[in-house]
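*Asks:* The following block contains a protein sequence and its predicted model.
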Amino acid sequence: MEFKLKSEFIELDNILKVLELVASGAEAREQIQAGLAKVNGEVESRIRRKLRSGDCVEFGGQKIEIVA
């Protein structure tokens with residue numbers, strides 16, 4: 001799926017909430033810290049990781065392409 005940015009970036013925990021892949025911010029933080037999110041093919045543990053156009057997030061069986 002594609003996610004179109006409305007600003008320069010979106011933070012990892014926020015994209016999971018916006019796309020309703022998690023129920024809350026607390027759940028997003030837990031899932032990220034547990035190593036369940038990947039950014040550009042690598043496990044990402046930074047909750048507030050800034051995602052910009054060209055980045056790719058993998059989470060819960062979903063692949064999300066960030067586009068401008």
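*Replies:* Great, that's in hand.
*Asks:* And for residue 47, the neighbour number?
*Replies:* As a burial measure, residue 47 scores 18 neighbours (other Cβ atoms under 10 Å). Yep, even glycine has a C-beta here, placed from its N, CA and C like the rest.
*Asks:* tell me which element it falls in.
*Replies:* Using DSSP states H and E, residue 47 sits within no helix or strand.
*Asks:* Please state the offset of stretch 52-68 from the chain centre?
*Replies:* Distance of stretch 52-68 from the chain centroid (Cα atoms, centre = their mean, to the nearest Å) equals 7 Å.
*Asks:* got a list of what residue 27 touches?
*Replies:* Neighbour list for residue 27: empty [criterion: Cβ atoms under 8 Å, 6 or more residues apart in numbering].
*Asks:* Looking at it now. What's its pLDDT?
*Replies:* Here, the pLDDT recorded for residue 27 equals 97.
*Asks:* buried stuff in the helix or strand hosting it?
*Replies:* If you go by DSSP H and E, residue 27 is part of helix 25-33. Neighbour-count burial for helix 25-33 flags 28-29, 31-32 (criterion: 16 or more other Cβ atoms under 10 Å).
*Asks:* same thing with stretch 4-16?
*Replies:* 10, 12-13, 15-16.
*Asks:* And those, which is closest to residue 43?
*Replies:* Comparing the buried residues of stretch 4-16 against residue 43 with Cβ to Cβ picks out residue 12 as the nearest, at 11.7 Å.
*Asks:* Ramachandran angles for that closest one?
*Replies:* In terms of degrees, to the nearest 10, the main-chain angles of residue 12 are phi -60, psi -50.
*Asks:* No further queries at this time; thank you.
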